[in-house]
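# Sequence first, then the predicted structure:
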Amino acid sequence: MTPLLHPYDVTREEGFRAPLDYNRKSLLKDVDRCHKAEIVSVIRLTRKERLFHIRLLEQGERERFSFLPGQFVMLELPGFGEIPISICGSTSQKGFLELCIREAGRVTTMLHRARVGSRVGIRGPFGSFFPLERMKGHDILLVAGGLGLAPLRAPIMHITENRSDYGEVRILYGTTEPEQLLFDYQYEQWRRVDGVTLSLTVDRPDAGWQGAVGNVVRLLEEINTPLEESYAIVCGPPVMFNSVCGTLHSRGIPRDRMFVSLERRMQCGMGKCCRCNVGSTYVCMDGPVFDFWTVMNLKEAI
Amino acid sequence: MNYLGIEPVRPRVALFSFTGCEGCQLQLANHEESLAEFLAAIRIVRFREISSSEQGEYDIALVEGAITRNDEVERLLAIRAQTKVLVALGSCACYGGVNRLKNSLDPAVMNREVYGDLSQESLPTRSVGEVVTVDLEIPGCPVSKPEVERIIQHLIWGIPYSFPAYPVCLECKQSFTLCRFQQGELCLGPLTRGGCRAICPAGGLGCWGCRGPAADPNYPEFFAIARQQGFSEREINERLTFFGGLEVTP
Amino acid sequence: MLFRIVEKMAFRSLIQLLLETTQVIGPRKIAVTREGKPVHQYLPLSGFEELELGYDTTDIPAKSYFLPYEENLSTWSFIGNDWTQEITYRLQPRVLVGLHACDINALLKLDKVMTREFFPSPYYISRRKNSFIIGIDHEPCQGGFCHWLGTDSVNRGFDLFLTDLGDRYFVAIDSERGFTLLQQVAVRLVTENDTADYLTVRRRIASGFAPPLDVRQLPRLLDMEFDSEIWRRWGAKCLSCGSCAAVCPTCYCYGVSENVSMDFTRGAKVKQLYSCTLKDFAEVAGGHNFRSARETRLKYRYYHQHRGFVEQYDEPKCVGCGRCGRSCLAGINPQEIIGDLLATEVPS
């Protein structure tokens, strides 16, 4: 019998066990100064997306830098601009940051042309994160559409690296065309992890495509085991959220146990420029990760 | 950009003048503090305001002035065929400019008014874009040199330039300039694309719309405001048609 | 809080003393409208004579001395394949004299956003702490509705606050530096007579306000009336010009653009105050615009003023100064919009 109300355990909140700091009086920092970083490697993912490995130059900063899956950094190209990019690598990587970037605007176009060894700026990390602490002991559904696999990759890597903490893990990923599939060289690696399944689908298959055809919701409907005790992470274009989250809810997952990542224009990452503001909510500070119940209550969120 | 490992290219730039006052060309020779840098970043192959020599091929053609004669049409077609990027420079090139005013009048009367008995060939005024495909429009009467510099940089980098989406009003407020309407004057600031630093209203002159429309011009509301402030249909339309970049009252 | 009495001549000496060493900004008459109304702006003073403390209101708020309309956030220098970033924060103190309660309350609201929470802004804090603020009581201004929002009086956020008692000022002192500065000229303790005069002035000011509307219902009404025709009606008038946000003493949103010199040796990261009513406010790379309709953008502005900010800070962002309504050529004004929203529940 599915419980009507789910218990909430306060000790599962992120940072709950971190030592108390009664002396913290001010957070005033030179926050507009960026960490200087070097592009150490560029990996072509598709025609328009590349994976950048970026290493903070100063050793102390490199050692201090840590993030949680779902958070983002502001990437600065001095003279061109600064953009928010979610970190798509593993939290355990200490040497460099992984950023998956689509060529879309002025900054990203220049970045795609930049040579390896170029120096860029990094501020952050900023924003909320997927509550992977709270998800421990549960089955997890990771659903991505299009570029959404990038923000989803950080939790995927975290979960596969801490496999014993979680139940069954299902990754469902769909794009319009096969050539838009991101990180295709890693699928085999994920599939081989015990208890992890990966299903792919495309809307417009090409001649060589052998997987499923259609919307990512189709993949969801094919799951025939109970989902009530699962947590879900959904990343992709906003149009996907309603259909995917609606289906998940009809399968018994409460809306506050499914998490999405919102995309907005941002100029600061620090709750000042207002560009990402939805009602009273700053996507940069309260988000980009929200549970779907919160999203339902945000006017114009999706 | 060196730090990104991108060697900046030095495009060959040619300037061409059609029907207009050549004020926009002259504007390019302005802004002395960065003139040397500007001239070092590009290779000028044709620019009669600063040099009489004409030489060879070019990558970017900056075309100023409106098109009002058949020989101008031919010359423009030849430029289009030769250049990689064709830029309409200034309000005359972008919209027909002041020259366009004659289109609403009798051509014979106009010809006589201007040339007397020595009648000249003159077509209805067209913008550059009405004759050939234009890659980029830089409006303004005259163009703003700092803006031209920014746009040339974007052409060098090969990335699209985006003009400000906001109208002139924002820049008036941000430079503590009193609203011209408050002084009982007509002003096209609410409709016109900003980025000019609102220098006309600051100098005491209501905006004439030389930069064309902002991203979301609300014409019906503007007409209602202008009428309610006591301006006649004729006054409003004369202002709106002056540079040819804006709509007129229905 | 401490209170003192300063004669007007002594106050004049104080300002003149300050002018010798410090930038002093105050209300100055800059023009007259076609209806014959004087227009005042907060501008640097060159002498005491320019200061018009009896002004009604200013068309532009004092905000830009704390959040400049345009501000250099960083300067870049490019050397070969490397670059350096230089950031400077304001170091010079200055004096702002003649701010009304609404404008000081506006600063208190900005303080909440800019000096508390996470990521306090060093740019703002350096300007705020370098500003010595002398406020002044005044008769209700034309078109203001501060008393709807409880911002018609102010108890902190200034150094000195004056109430005009005719030949002298009743001075509320809220900082050590304010107290010390006053010692530069003749001040005296408050007598019973002064207090009586002060209360008379305060009562006269309070009785000058028209009955207020009740804005406490706005957060809920804004949620309920999200799809209301109110927004279509007012939205159709919006010119998307951003004037309302530019003259708002509490609007703080901005855009950032970067530039480089033609020879690629220097660059700058520049902040420009923006407005949520401008077309590209919520446009993202690739072209999608989360708020492409005028009415949606206008609604959003009211949403932030009277609902979003309340949710975050338990008070509206609006101080009722009325500047947005006065600056709007289309006549979009907060009093009428709030009235329309309230009327959906209790027809007026």
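Okay, I see it.
# tell me which residues of stretch A:158-173 are tucked away?
By 16 or more other Cβ atoms under 10 Å in any protein chain shown, the buried positions in stretch A:158-173 come out as A:158-160, A:166, A:169-173. C-beta: built from backbone N, CA, C; applies to glycine.
# Helices - which of these land there?
Judged by DSSP state H, the buried residues of stretch A:158-173 include A:158-160 as members of helices.
# Tell me the one of those residues nearest residue A:228?
Minimum distance to residue A:228 across these is 19.5 Å, recorded for residue A:159 (Cβ to Cβ).
# Was I right to think the closest one contacts residue A:170?
No: counting by Cβ atoms under 8 Å, residue A:159 sits too far from residue A:170 to count as a contact (10.9 Å).
# Give the residues shared as contacts by those two.
Overlap of the contact sets of residue A:159 and residue A:170 (by Cβ atoms under 8 Å, 6 or more residues apart in numbering or on different chains) consists of A:140, A:142, A:196.
# Show me the beta-bridge partners of the second one.
What it means is residue A:142. residue A:171, residue A:233 (DSSP bridges).
# which intervals of chain B have sub-threshold pLDDT?
Scanning chain B for pLDDT under 70 picks out B:1, B:48-56, B:250.
# likewise chain C?
For chain C (pLDDT under 70), the answer is C:347-348.
# Residue B:72 and residue B:18 touch, don't they?
Yes: the pair residue B:72 / residue B:18 is scored as a contact, 5.2 Å apart, by Cβ under 8 Å.
# Those two: which has the busier surroundings?
Set side by side, residue B:72 and residue B:18 show more neighbours around residue B:18, with 22 against 19, by other Cβ atoms under 10 Å in any protein chain shown.
# which element is the nearest residue to residue A:56 once chain neighbours are set aside on?
Excluding its sequence neighbours, the residue lying closest to residue A:56 (Cβ to Cβ, 6 or more residues apart in numbering or on different chains) is residue A:62, at 4.3 Å. In this assignment (DSSP states H and E), residue A:62 forms part of helix A:59-64.
# immediately after that helix, which helix or strand?
Next along the chain from helix A:59-64, counting by DSSP H and E, comes strand A:72-77.
# how much distance is there from whichever strand or helix holds residue B:92 to the middle of the chain?
If you go by DSSP H and E, residue B:92 is part of helix B:91-95. Between the centre of helix B:91-95 and the centre of its chain there are 5 Å (Cα atoms, centre = their mean, to the nearest Å).
# Name the residues of the helix or strand just after that helix that are buried.
Toward the C-terminus, helix B:91-95 is succeeded by helix B:107-115 as the next helix or strand (DSSP H and E). For helix B:107-115, the neighbour count (16+ other Cβ under 10 Å) marks residue B:111 as buried.
# rewinding a little: let's have the shared contacts of residue A:159 and residue A:170 in TSV, adding distance to residue A:244.
Output for those, formatted as TSV (distance: Cβ to Cβ, whole Å):
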residue	distance to residue A:244
A:140	14
A:142	11
A:196	19
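# before we move on, back to that, return the member of the buried residues of stretch A:158-173 nearest to chain C.
Nearest to chain C out of the buried residues of stretch A:158-173 is residue A:173 (Cβ to the nearest Cβ; 20.4 Å).
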